[in-house]
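**Q** coords below, sequence missing:
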């Protein structure tokens, strides 16, 4: 009994902060480019983009590098009103957001849009690629922009192994099915009405069949020699 409690405590430490899906509450606060916000540290700026790992890119200084802030920790504030003449109306505090239909019909073809997500593939590797792709891929809520597409630069799958008690406690693995380690380099692209944000990353994953029969992949941290994450913001 004491040994099982120790295993459970170890699993809790390993899983802390490594959930593969971003928190639902973070995605619900999906603010468009141009929204004025205040960060948890008190800095004020304008959202210029976002990434697939639950961060907004915020520019507080026209000549400075963008800040990266968790979506759930920003607060929307009124944008500073530009000085208006006697016959002019002040600009609205935040820019209007076009619907997905408006974006599709008004954005010129090839004008800085994102690449298409990698298509489905057959076989074990194709299945695992699909699981990981769908975890990062995202359609924006109705009326907002910011669709996320995904493609892989490299994808390595280890030979399957038998799951153990740690796997069962940590991930609810079906121990009758093999467990696979995956190392992948991938790129995400977030497509906004006025800009795109691309992010390149390398991650380790543990892929398995859960006890409900579904296929899952969870991040398992980084190892030596892995590439550092890079981001690029490109106005359209």
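**A** Right, received. Where do you want to start? Remember, it's a predicted structure, so these values are computed and weren't measured experimentally.

**Q** What helices and strands are in contact with the helix or strand hosting residue 166?
**A** If you go by DSSP states H and E, residue 166 is part of helix 165-171. Contacts defined by 3 or more C-beta pairs under 8 Å, 6 or more residues apart in numbering; DSSP states H and E place helix 165-171 against helix 2-15, strand 195-209. C-beta here means a position set from N, CA and C on the backbone, and glycine is covered the same way.

**Q** Tell me the helix or strand right after the lowest-mean-pLDDT helix or strand in the chain.
**A** Least confident helix or strand of the chain, by mean pLDDT, DSSP states H and E, is helix 100-106 with a mean of 32. Per DSSP H and E, the first helix or strand lying C-terminal to helix 100-106 is helix 123-136.

**Q** Comparing the helices and strands packed on helix 165-171, which yields the minimum mean pLDDT?
**A** Among these, helix 2-15 has the lowest mean pLDDT, at a mean of 37.

**Q** what is the rounded mean pLDDT of the helix holding residue 166?
**A** The average pLDDT within helix 165-171 is 88.

**Q** likewise stretch 38-54?
**A** Rounded mean pLDDT across stretch 38-54 is 76.

**Q** Listing partners with orientation, what would you give for the helix or strand that comes right after the helix holding residue 166?
**A** The first helix or strand that comes after helix 165-171 along the chain, using DSSP H and E, is strand 178-191. In the sheet, strand 178-191 lines up against strand 147-157 (antiparallel), strand 161-162 (antiparallel), strand 195-209 (antiparallel) (DSSP bridges).

**Q** got the angle for strand 178-191 vs helix 123-136?
**A** Here strand 178-191 runs at an angle of 40 degrees relative to helix 123-136 (axes from the mean of the first three to the mean of the last three C-alpha atoms, to 10 degrees).

**Q** Okay, buried residues for strand 178-191 please.
**A** Neighbour counts over strand 178-191 (16 or more other C-beta atoms under 10 Å) mark 178, 179, 180, 182, 183, 184, 186, 187, 188, 189, 190, 191 as buried.

**Q** Then stretch 142-159?
**A** For stretch 142-159, by 16+ other C-beta under 10 Å, it's 144, 145, 146, 147, 148, 149, 150, 151, 155, 157.

**Q** want to try a markdown table for these, with pLDDT as columns?
**A** As requested, those are arranged in a markdown table below (pLDDT from 0 to 100):
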| residue | pLDDT |
| --- | --- |
| 144 | 88 |
| 145 | 90 |
| 146 | 93 |
| 147 | 94 |
| 148 | 96 |
| 149 | 96 |
| 150 | 97 |
| 151 | 96 |
| 155 | 97 |
| 157 | 96 |
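
**Q** what's the closest of those to residue 71?
**A** residue 146 (11.2 Å; C-beta to C-beta).

**Q** Could you export the buried residues of strand 178-191 as CSV, including pLDDT and distance to residue 162?
**A** Below are those laid out as CSV (pLDDT from 0 to 100; distance: C-beta to C-beta, whole Å):
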residue, pLDDT, distance to residue 162
178, 95, 7
179, 96, 7
180, 97, 11
182, 96, 17
183, 96, 20
184, 96, 23
186, 96, 28
187, 97, 33
188, 97, 33
189, 96, 38
190, 96, 39
191, 94, 42
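
**Q** between these, which is nearest residue 131?
**A** Closest approach between the buried residues of strand 178-191 and residue 131, by C-beta to C-beta: residue 182, at 9.4 Å.
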